[in-house]
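Asker: Got a sequence here, can you model it:
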Amino acid sequence: MKYIIILSSEPNRNDVDQELVEAHENFLDFLNSQGKLFASGPFMNRPGGMIILNADSMQEAQAIAQESPLIQNKLRRYEILEWDQTI
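Answerer: Model prediction:
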């Protein structure tokens, strides 16, 4: 099953430093190496981004989201949606 993590900025917390950007990129690389990452990228018309996961359950998707350095450092909040890929 696929799950979409929508990342949005916490109010007054747009101060993401380069070290956290690199930690986030490493986190995504790790997910990719584990076969958990389907796609990811920033939004172009607003702050934040999206991660599409291959996960076995909503609980697994939640656990993965909570491992994100951006979420752990309270720079992003998130919402998870279950997604049924049809094409």
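
Asker: Can you measure across stretch 46-65, start residue to end residue?
Answerer: End-to-end distance for stretch 46-65: 20 Å, by CA to CA, to the nearest Å.

Asker: Tell me which stretches of this structure form strands.
Answerer: Secondary structure of the chain by DSSP state E: the strands cover 2-9, 37-42, 49-54, 76-83.

Asker: Tell me which of those sits nearest to residue 20.
Answerer: Nearest to residue 20 among these is strand 76-83 (10.0 Å), distances taken as CB to CB. In short, each C-beta sits where N, CA and C put it, glycine included.

Asker: Same question for the closest one: list its buried residues.
Answerer: Neighbour counts over strand 76-83 (16 or more other CB atoms under 10 Å) mark 76, 78, 80 as buried.

Asker: quick one: which of those is nearest residue 67?
Answerer: Set against residue 67, the nearest of these by CB to CB is residue 78 (11.4 Å).

Asker: ok, now how distant is the closest one from residue 57?
Answerer: Distance of residue 78 to residue 57, given as CB to CB, to the nearest Å: 16 Å.

Asker: Please apply the same query to residue 35.
Answerer: On the measure of CB to CB, residue 35 and residue 57 end up 15 Å apart.

Asker: Among these two, which residue is more densely surrounded?
Answerer: Between residue 35 and residue 57, residue 57 has the larger neighbour count (other CB atoms under 10 Å), namely 11 against 8.

Asker: what's the burial count for the closest residue to the more buried one other than its chain neighbours?
Answerer: In space, and not counting its chain neighbours, residue 57 is closest to residue 1: 7.6 Å by CB to CB, 6 or more residues apart in numbering. Using other CB under 10 Å, the number of residues around residue 1 comes to 14.

Asker: any idea of the mean pLDDT in stretch 28-47?
Answerer: Mean per-residue pLDDT for stretch 28-47: 95.

Asker: I'd like to know how many residues surround the residue nearest to residue 66 when sequence neighbours are not counted.
Answerer: In this structure, residue 66 finds its nearest non-sequential neighbour in residue 72, 7.3 Å apart by CB to CB, 6+ apart. By other CB under 10 Å, the residues close to residue 72 number 13.

Asker: Fine by me, thanks again.
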